[in-house]
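1. coords please:
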Amino acid sequence: MDILHPKDKVEMREALAALLERPGATPAEIQEQIDALLRYTHRRRVSLEHCMIARERGRLVGACLCIDGAGRLSTVFIPTQSRFLTASAVMVGLLEEVARQGRLRNVQLLQATVVPGTRLESEIYSRAGFERLAQMIYMDSDLTQPLRPPQPIVDVEWVTYDNAVHPLFARVVQETYEQSLDCVGLNKVRHIEDILASHKAAGEFEPRFWFVARLGGEPAGVILLSRVPERWALEVVYMGVLPVWRGRGCGVALLHKALATAREQALTTLTLTVDATNAPALKLYARFGFCETARRDVWLYTL
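-> Residues are numbered from 1 along each chain as shown. Below is the predicted model:
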C-alpha cells in the first residue's frame, strides 16, 4: 500500500469524492458537492494541503483530510462508506501517518467527529490511537420566535475583550474549567493560549463579542461569541461560570448577554454545542429556547 499526498487536482477531487460519498448520491451530485466545498474553502482561506490518500496497485482504497486550525488543533475527516471502512488496516495506517505528519507540523491535537452508533468509524479511530472524549449536542435557539427566558440578575459589569485585558480572559476561562461538566477529558490537556487561539478561530472573531461578567467587582463568568460564516447566526463558542458563582444566576446573565448581542446584530439564530452529560447546562439552555439539531461523538488524538 502506498500512502501519499494527491499529486494534482484530479487526485484531490478523487480523494474528496471518497470523503463526500453518501448513500444514494449520484456521481454528478458528489461532483457538485466537491465544487461547493472548493469554493467555500477558497472563500474562507481554508487549506486542503494536508490530504492523504492510500493506493493499492494504483486503485484508491482510502483517504483522509486534515484541516489545521489555530491553537495547534487539526480536524480529521475520513470516508463514511463501508467500502472504505471495511479495509480498516488501510484507514488505520492512514491515520497513523496523519499523526506522524501532524507531529512534524507541531500539531497538538487531532480531532474527529462521528455520528453516534457508527461502529466502523469508531473502531478505526480507536485502533489508530484516538480516544472518545464526549458526545456533543448541537443546539439552536430561533430568535424569530417569542422567548420568555428567566430574568437575569442585575448589577452585572461587562468587560469587553481587547489585548489589554487578555490576561483577565485567559485567567477566567482557565478557572471556569474547575469542576466543569463539559468535556472533562480536555482539562489540563491544552495550554490556555492554544485554547483561546482556537476560540478566536471559531467563526468570525470580533473582540466586541467576547465578555467577562463581573459581580461585586469580581470576575464571575465568561461568554465568547462569534458570527457564524454564511448564516444569520451567532455562536456561543464558550461559556463558563466560576465555581463560586454557579447556581447564583450568572449563567442566565451570560445567555441574556448573548441574546441581546445577537438581536443587536439583527441575527435570527443563537447556536451552541454542549456535552450530553452536562444536565445543568441542558436545563438552562432549554429555558432559553434551545433545541437539539444534531449529535456527534468527539474523538481526540493527543500528539
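
2. give me the nearest residue to the residue nearest to the spatial centre of the chain, chain neighbours excluded.
-> The centroid of the chain falls nearest to Ala202 when counting by CA atoms, centre = their mean (7.6 Å). Nearest-residue entry for Ala202: Val237, 4.6 Å, with adjacent residues in sequence omitted and distances by CB to CB, 6 or more residues apart in numbering. Where C-beta positions appear, they are placed from N, C-alpha and C, glycine not excepted.

3. and for Ala201?
-> Using CB to CB, 6+ apart, the nearest residue to Ala201 is Ala70, at 3.8 Å.

4. over to Ala279?
-> The shortest distance from Ala279 to any non-neighbouring residue, by CB to CB, 6+ apart, is to Leu181 (7.7 Å).

5. also Arg231?
-> Arg231 sits nearest to Thr269 (CB to CB, 6+ apart), 6.8 Å away.

6. if I read this right, Val46 contacts Asp68, doesn't it?
-> No - between Val46 and Asp68 there is no contact, the gap being 9.4 Å when judged by CB atoms under 8 Å.

7. looking at those two, which has the bigger crowd around it?
-> More crowded of Val46 and Asp68, by other CB atoms under 10 Å: Asp68, with 17 against 12.

8. please identify the helix or strand for the more buried one.
-> Taking DSSP states H and E as the criterion, Asp68 maps to strand 59-69.

9. partner strands of that strand, with direction?
-> When pairing is defined by DSSP bridges, strand 59-69 lines up against strand 50-56 (antiparallel), strand 73-77 (antiparallel).

10. doesn't the residue nearest to Ala202 fall inside a helix?
-> No - counting by DSSP: H, G, I helix; E, B strand; the rest coil, Val237 falls outside a helix, being strand.

11. quick one: pLDDT of it?
-> Looking at Val237, its pLDDT reads 97.

12. and it, how far is that from Arg171?
-> From Val237 across to Arg171, the span is 18 Å (CB to CB, to the nearest Å).

13. wait, doesn't the residue nearest to Arg231 sit right on Leu143?
-> Yes - the criterion here is CB under 8 Å, and Thr269 meets it with Leu143 at 6.2 Å.

14. neighbour count: those two, which is higher?
-> Using other CB under 10 Å as the criterion, Thr269 and Leu143 rank with Leu143 on top: 19 against 16.

15. model confidence score at that one, please.
-> 95.

16. was I right about it contacting Gln265?
-> No - shown here, Leu143 and Gln265 do not form a contact pair, counting by CB under 8 Å, at 10.3 Å.

17. picking that back up, helix/strand/coil for the residue nearest to Ala279?
-> Recorded secondary structure, Leu181: coil (three-state DSSP).

18. all numbers from here: first residue = 895
-> Renumbered: residue one is now 895, and that last one reads Leu1075.

19. tell me the contacts of it?
-> Going by CB atoms under 8 Å, 6 or more residues apart in numbering, Leu1075 touches Asp1169, Thr1171, Asn1172, Ala1173, Pro1174, Ala1175.

20. just the closest of those to Leu1041, please.
-> Comparing the contacts of Leu1075 against Leu1041 with CB to CB places Ala1175 closest, at 17.5 Å.

21. now the strands for the stretch 995-1144 of the chain?
-> Secondary structure of the stretch 995-1144 of the chain (DSSP state E, counting those that start in this stretch): strands located at 1003-1008, 1025-1036, 1051-1054, 1104-1109, 1112-1121, 1127-1135.

22. can the ones you listed go into a markdown table with extra columns for distance to Leu913?
-> Listed next are those as a markdown table, based on distance: least, CB to CB, whole Å:
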| stretch | distance to Leu913 |
| --- | --- |
| strand 1003-1008 | 12 |
| strand 1025-1036 | 21 |
| strand 1051-1054 | 40 |
| strand 1104-1109 | 33 |
| strand 1112-1121 | 26 |
| strand 1127-1135 | 24 |
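
23. tell me which of those strands sits nearest to Leu1197.
-> Closest approach to Leu1197 among the strands of the stretch 995-1144 of the chain is made by strand 1003-1008 (6.8 Å; CB to CB).

24. output that closest one as PDB, restricted to C-alpha atoms.
-> The C-alpha coordinates for strand 1003-1008 follow below in PDB (Å, rounded to 0.1, in the frame of the first residue of the first chain):
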ATOM      1  CA  LEU A1003      -4.500  17.600  19.000                       C
ATOM      2  CA  LEU A1004      -6.200  15.700  16.200                       C
ATOM      3  CA  GLN A1005     -10.000  15.900  16.500                       C
ATOM      4  CA  ALA A1006     -12.700  13.900  14.700                       C
ATOM      5  CA  THR A1007     -16.500  13.700  15.000                       C
ATOM      6  CA  VAL A1008     -18.600  10.600  14.400                       C
END
